[in-house]
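Engineer: Here is a sequence with its predicted model. Questions after.
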Amino acid sequence: MSRGEYPATRMRRNRIRAFSRRLVAENKISLDDLIWPLFVIEGENIIDDVLSMPGVNRWSIDLLVKQAGQAMALGIPAIAIFPSIDPKQKDPAGSLARDGENLVCRAVAAVKATYPELGVICDVALDPFTDHGHDGLFVEGRILNDETIAILCEQAVHQANAGCDIIAPSDMMDGRVGEIRDALNRSGHVDVQLMAYAAKYASGFYGPFREAINTGSQLGTNGKATYQMDPANGNEAMHEIALDLAEGADIIIIKPGMPYLDILQRAKTKFGVPCVAYQVSGEYAMICAAAQNGWLDRDRVLLESMLAFKRAGADAILTYFAPDIAKILHK
Ligand code: PBG
């Protein structure tokens, strides 16, 4: 008996020619996958750079609208707007979150007035507005769950009134998705989508974001561990996601991104719903820092990171690299 040529299966055959590698590629990155997070500050004609995120800035509303125009020109489907609030405007209760004329609401209205087709996403959480930097009401060392949700509902309705298309609760209070859904429905926003940060971990990778929205230097190590998830846990993420879906979430976010690809893959396999990965500020900072030192090839590594998200099951990716990726895809 002949055993034929050795080895019968040569995996490298499909890889030899470039056209063949294209044919057998299982995943692709596309413009349709991108959500671009942008920071906004008060003032006019202001560009304020975020030191720990090279290439990322806080924009005054007039310039934020120009960035939105850039997103449109590049074919990026949606942006997420995060406000960087003057510390003088913050208080323990995050009162500014309940003001329908606050920075983020004015920013949303300005963007939607100029680019009605561009998807606009807003976080729901109190951290940009509280002087202690927590996502909820913080009283005698505890985060108050139900009292916080009442405020989050108001915040969500204001943002929807301003024209926000997708409300993204990032606060990790229990039961908030259902309450926010009801509040939106009651105020006539039945078609506003809910993209829940369903599995959001208490992560050190959010450090640069907290610089960007000037919050949380007072939080201390692991300051949000009583409401964000323990990085040790995977099954618990499935439980969180099931609850948010039952409460009416349309899309779920897994966050951070690359260190949590196992969670993303499990979520996609188990629930089969739209899943978004958030490549967070610390992931952005790591890639930029290594590239600046000449230790990594920036473009190559960021494209590879996008493919990793797709392979794990992401339908879309929140990434500060969105315009870079779009430009590479246009080449
Ligand atoms: C606020 C929020 C955070 C991020 C998005 N929304 C920070 C946090 O929870 O402390 C992090 C995003 C990033 O690091 O890029 N609730």
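Structural biologist: Happy to help now that I have it.
Engineer: how close does K200 sit to the ligand?
Structural biologist: Here K200 is placed at a distance of 7 Å from the ligand (CB to the nearest ligand atom, to the nearest Å). Every residue, glycine included, has its C-beta placed from N, CA and C.
Engineer: Please name the residues that touch that residue.
Structural biologist: Taking CB atoms under 8 Å, 6 or more residues apart in numbering, we find K200 in contact with S170, M172, Q228, M229, I253, K255.
Engineer: and it, that's in a strand?
Structural biologist: Yes: looking at K200 with DSSP: H, G, I helix; E, B strand; the rest coil, it is inside a strand.
Engineer: Skipping its backbone neighbours, what lies nearest it in space?
Structural biologist: K255 (4.9 Å; CB to CB, 6 or more residues apart in numbering).
Engineer: Which pLDDT value belongs to the residue nearest to Q292 when sequence neighbours are not counted?
Structural biologist: Closest residue to Q292 apart from its sequence neighbours, by CB to CB, 6+ apart: P54 at 6.7 Å. Here the pLDDT value assigned to P54 is 96.
Engineer: can you check P7 too?
Structural biologist: P7 is assigned 86 on the pLDDT scale.
Engineer: ok, now E211?
Structural biologist: Looking at E211, its pLDDT stands at 89.
Engineer: Helices along this protein, start to end?
Structural biologist: Under the criterion DSSP state H, the chain contains helices at 13-16, 18-24, 61-74, 103-114, 145-162, 176-186, 207-212, 235-246, 261-271, 281-292, 298-312, 322-330.
Engineer: Show me the contact partners of the second one.
Structural biologist: Under the criterion CB under 8 Å, 6+ apart, residues R13, N14, R15 lie in contact with helix 18-24.
Engineer: ok, the last one - contacts?
Structural biologist: So that's R15. R21.
Engineer: helices and strands of the protein: which one has the lowest mean pLDDT?
Structural biologist: Among the helical and strand segments of the chain, the one scoring lowest on mean pLDDT, DSSP states H and E is helix 207-212, with a mean of 91.
Engineer: From the contact counts, what lies against that one?
Structural biologist: Applying 3 or more CB pairs under 8 Å, 6 or more residues apart in numbering; DSSP states H and E, we find helix 207-212 packed against helix 281-292.
Engineer: So for the helix it packs on, mean pLDDT?
Structural biologist: Mean predicted confidence for helix 281-292 is 98.
Engineer: now that helix against helix 298-312, angle please.
Structural biologist: Per axes from the mean of the first three to the mean of the last three CA atoms, to 10 degrees, the angle that helix 281-292 makes with helix 298-312 is 140 degrees.
Engineer: Now helix 281-292: buried residues?
Structural biologist: Buried residues in helix 281-292, counted by 16 or more other CB atoms under 10 Å: S281, G282, E283, Y284, A285, I287, C288, A291.
Engineer: possible to save those residues as TSV with distance to A93?
Structural biologist: Converted to TSV, these look like this (distance: CB to CB, whole Å):
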residue	distance to A93
S281	26
G282	29
E283	32
Y284	31
A285	31
I287	37
C288	35
A291	41
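Engineer: Enumerate the residues of the chain near the ligand.
Structural biologist: Taking CB under 6 Å from any ligand atom, the part of the chain that reaches the ligand is made up of D123, A125, D127, D135, S170, Y206, F209, R210, K224, V280, S281.
Engineer: ok so, going back, out of the helices of the chain, the one nearest Y197 is which?
Structural biologist: helix 235-246 (8.6 Å; CB to CB).
Engineer: What is the neighbour count of D99?
Structural biologist: D99 has 15 neighbouring residues, counting by other CB atoms under 10 Å.
Engineer: From A150, how far off is G136?
Structural biologist: Distance from G136 to A150, counting by CB to CB, to the nearest Å: 11 Å.
Engineer: Those two - which one has more neighbours?
Structural biologist: Counted by other CB under 10 Å, G136 and A150 do not tie: G136 has more neighbours, with 28 against 14.
Engineer: was I right about that one contacting Y227?
Structural biologist: Yes: G136 is within contact range of Y227, at 7.0 Å (criterion: CB atoms under 8 Å).
Engineer: any residues in contact with both of those two?
Structural biologist: I143, D171, M173.
Engineer: For the residues you listed, pick the one with the most neighbours.
Structural biologist: Highest neighbour count within these: D171, with 27 neighbours (other CB under 10 Å).
Engineer: Surely D297 is in contact with L303?
Structural biologist: No: counting by CB under 8 Å, L303 is not a contact partner of D297; they are 9.7 Å apart.
Engineer: Just list whatever residues bridge to the closest residue to G119 other than its chain neighbours.
Structural biologist: Distances taken as CB to CB, 6+ apart put A78 closest to G119, at 3.0 Å, once the chain neighbours are dropped. Note on A78: beta-bridge partners I35, G119, judged by DSSP bridges.
Engineer: right, and A78 touches Q193 too?
Structural biologist: No: using CB under 8 Å, A78 makes no contact with Q193, being 10.4 Å away.
Engineer: can you list residues touching both of the two?
Structural biologist: D165, I166.
Engineer: And the residue of the stretch 1-150 of the chain that's closest to the ligand?
Structural biologist: Using CB to the nearest ligand atom, A125 is the residue of the stretch 1-150 of the chain that sits closest to the ligand, at 3.7 Å.
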